[in-house]
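> let's see this in three dimensions:
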Amino acid sequence: MDWQRLDVLLTRVRPHRERLALVLDLGVVALAWQFTYLFRLGFERWFSARPDYDAYVLLGVLVVYAVALWALRVPKGMWRFSGFGEIKRLALACGGAGLVSATLVLMAHLAGVPRAVLALHPLFTLMLLAMMRMGYRMLYEHMRSRISGSAQEQRRALVMGAGDAGRLLVAGLQHTQGWVIVGFLDDAPHKQGARVAGVPVLGTLTQTAELAALHGITHVIVAMPGAATPQRRQALELAGKVGLPVLTVPSSEELLSGRSVNQVRDIEPEDLLGREPVELDEGGISECLNGKVVLITGAGGSIGSELCRQVARYGPSKIVLYELSEFALYTIEQELGEKFPHIPLVRLIGDVKDLEHLRHVFGKYKPQIVFHAAAYKHVPLMEEENAWAALRNNTLGTYHACLAAAENGVERFVLISTDKAVNPTNVMGATKRAAELVISHMAGQGHATKFMAVRFGNVLGSSGSVIPKFKEQIAQGGPVTVTHPDITRYFMTIPEAARLVVQAGAMGEGGQVFVLDMGEPVRIVDLAKTMILMAGRSEQEIGIRFTGLRPGEKLYEELIADSDKTVPTRIARVRIAKLGQADADSGPEDGLLSWALNPDPGGDRQREGVVRGLSRFVPEYGRRPEPAASEPR
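As a prediction, the model looks like this:
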């Protein structure tokens with residue numbers, strides 16, 4: 001028997017399940033009426049001894065049973081889950097309908113209907129109704145076991161993409177994880193109506209919603225890892241409109257890193273927002289990093305840890321992990337030790353605010369390439385009580401690391417900067433802009449070290465970003481909180497950000513800020529809505545609440561300041577922002593740095609003193625517009 005075809009047939013009639021169930025139940029009531037006569041009168045008399053009006057009596061009995069079954073919601077029951085509770089409801093319906101029918105027959109003085117038939121008919125009906133449900137449940141569970149190897153109710157999936165990834169997905173999921181792959185969807189004309197790994201191609205991608213409803217689908221899986229980013233994003237958008245949980249197979253990069261195609265996962269924001277990857281100069285990067293000692297500050301952070309992974313791919317002679325958090329340091333060194341056991345690791349608990357320790361480390365391990373990722377980055381947290389801490393860590397910490405690098409002959413020093421450093425309206429952004437000025441100043445001092453910076457927007461999934469917060473809020477049932485309905489941000493993935501940093505380290509000549517063309521900014525509220533849909537929930541169910549802009553927060557971010565000029569590089573979509581020459585000539589060491597190194601104990605350490613100092617030495621911050629007020633809605 002073709003169990004797959006039977007499954008398709010059953011799912012086709014599922015939308016009409018309640019009406020069909022009522023018709024079948026009434027058919028059983030009529031059949032039980034005949035069996036009752038047969039039991040009472042025997043074969044010889046079960047037709048001849050009936051009164052002429054028996055058909056009208058049966059019609060009335062069917063009406064009474066239909067009312068009883070509908071009133072007790074019996075047709076709404078799912079037969080494949082039939083159990084003792086369903087039998088109790090059937091017994092109540094049959095008993096009530098039998099009593100009413102018998103009463104009406106007796107009141108109408110229809111003596112031709114045997115009293116035994118009126119008494120036994122509800123029992124026969126109950127037995128047949130229960131047997132029909134139990135028989136269906138046995139058939140359904142046997143069908144499930146023949147299709148998927150398990151009699152339990154399964155997750156029923158449509159797979160978008162009938163290529164090699166889809167075929168491998170079926171092989172991995174059908175038997176090992178208990179999924180039922182109902183069918184494929186693919187836009188290729190020659191695949192329509194075909195079967196891939198024994199599973200039919202049911203239609204095109206645009207028919208996802210229609211076919212999901214027809215076949216009782218519980219999950220949609222996007223299996224198009226090799227498709228171009230626009231095609232993959234379009235498939236995800238079509239899947240999101242179905243209103244079911246959407247899963248995907250690992251991307252091409254994840255497959256190359258060792259993940260299996262049947263390791264389906266939830267949709268991540270980078271699946272929705274990702275762009276075509278920037279083609280990097282792999283040869284130049286390898287020449288820069290291979291066989292070198294690389295030091296990474298903030299090595300356990302979101303960017304720092306990904307930098308460690310990217311750098312390790314190019315075979316450095318040693319990686320010095322410099323991290324303040326013990327747990328973060330332990331986590332990244334364990335991962336690197338497992339994935340790159342041949343690369344020596346130096347694991348150091350250290351603080352970039354401690355200049356003497358930095359000098360000791362640089363002098364002892366002699367790094368040739370330094371990636372400076374240590375920073376405080378949470379805007380609201382740094383805006384009030386922690387303004388002085390942000391200045392010391394983000395600006396002075398950068399200066400300390402630059403000094404230690406210059407004194408010990410480091411070849412290249414790369415600062416991780418942010419789009420919030422452009423025309424900053426908050427303390428965190430101003431301290432990062434000041435760090436860029438330190439880079440510009442150090443680059444003009446004639447050191448052998450080449451100092452440069454890399455500036456990019458928000459990193460998807462990094463600690464403290466909106467993505468993990470939205471996920472948690474959706475999992476808890478909402479609402480999702482967004483500060484403002486018009487707020488926008490640039491986004492990039494953590495690997496993309498880390499690759500840009502590594503590329504800058506390989507091609508920078510000093511005094512430059514590298515900027516990635518990040519495409520169009522994304523409205524945060526649109527991102528929230530998409531994440532809700534991909535979780536199989538609705539916006540009405542979860543809800544979105546606007547809370548108002550936080551202190552120092554912009555409605556939009558910029559990647560280039562008005563005074564900065566950009567020039568292209570040999571890497572497509574990567575440009576260089578030349579810092580204004582006045583920044584280097586003004587000598588931040590004599591101004592900003594001397595003030596930060598020797599603050600007035602009376603007030604410079606307070607938030608107001610930090611803001612005054614930054615406004616004096618960071619021109620863009622000094623003329624910053626006040627953030628627009630926003631009332632929670």
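> where do the strands of the stretch 301-450 of the chain begin and end?
For the stretch 301-450 of the chain, the strands defined by DSSP state E, counting those that start in this stretch cover 318-323, 345-349, 369-372, 412-418, 450-456.
> quick check: buried residues in the second one?
Under the neighbour-count criterion of 16 or more other C-beta atoms under 10 Å, strand 345-349 has 345, 346, 347, 348 buried. No exception for glycine: its C-beta is placed from N, CA and C like everyone else's.
> for those, which one is nearest residue 238?
Taking C-beta to C-beta as the measure, residue 238 lies nearest residue 345 of the buried residues of strand 345-349, at 45.0 Å.
> so how far is residue 307 from that closest one?
Per C-beta to C-beta, to the nearest Å, residue 345 is found 14 Å from residue 307.
> avg pLDDT for the helix or strand where residue 26 lies?
Using DSSP states H and E, residue 26 sits in helix 17-45. Averaged across helix 17-45, pLDDT comes to 85.
> which element follows that helix toward the C-terminus?
Heading C-terminal from helix 17-45, the first helix or strand you meet, by DSSP H and E, is helix 54-71.
> for residue 246, grab the count of nearby residues.
Counted by other C-beta atoms under 10 Å, the residues lying close to residue 246 total 25.
> measure it to residue 197 for me?
21 Å.
> only the buried residues of stretch 375-387, if you could.
Buried residues in stretch 375-387, counted by 16+ other C-beta under 10 Å: 375, 376, 377, 379, 380, 381, 382, 383, 386, 387.
> how about those residues in a markdown table, adding pLDDT and distance to residue 486?
Below are the buried residues of stretch 375-387 laid out as a markdown table (pLDDT from 0 to 100; distance: C-beta to C-beta, whole Å):
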| residue | pLDDT | distance to residue 486 |
| --- | --- | --- |
| 375 | 92 | 28 |
| 376 | 91 | 27 |
| 377 | 86 | 23 |
| 379 | 84 | 18 |
| 380 | 85 | 19 |
| 381 | 88 | 23 |
| 382 | 89 | 24 |
| 383 | 85 | 21 |
| 386 | 90 | 28 |
| 387 | 89 | 27 |
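> between those, which sits nearest residue 467?
residue 377 (14.6 Å).
> touching, that closest one and residue 418? I think so.
Yes - Residue 377 is in contact with residue 418 according to C-beta atoms under 8 Å; the separation is 7.0 Å.
> and residue 207, what does it touch?
By C-beta atoms under 8 Å, 6 or more residues apart in numbering, the residues touching residue 207 are residue 185.
> try residue 159
Residue 159 touches 166, 169, 170, 181, 183, 184, 185, 199, 221, 223, counting by C-beta under 8 Å, 6+ apart.
> Three-state assignment for it, please.
strand (DSSP: H, G, I helix; E, B strand; the rest coil).
> distance of it relative to residue 215?
Distance, residue 159 to residue 215, by C-beta to C-beta: 12 Å.
> which residues are common contacts for the two?
residue 183.
> any weak-confidence spans in the stretch 451-600 of the chain?
Along the stretch 451-600 of the chain, the model assigns pLDDT under 70 to residues 458-465, 517-519, 551-554, 556-565, 572-573, 578-590, 600.
> can you map out the helices along it?
Secondary structure of the stretch 451-600 of the chain (DSSP state H, counting those that start in this stretch): helices at 466-475, 494-507, 524-534, 539-542, 581-585, 594-597.
> for residue 116, which of these is the nearest?
Proximity to residue 116, assessed across the helices of the stretch 451-600 of the chain by C-beta to C-beta, is greatest for helix 539-542 (54.7 Å).
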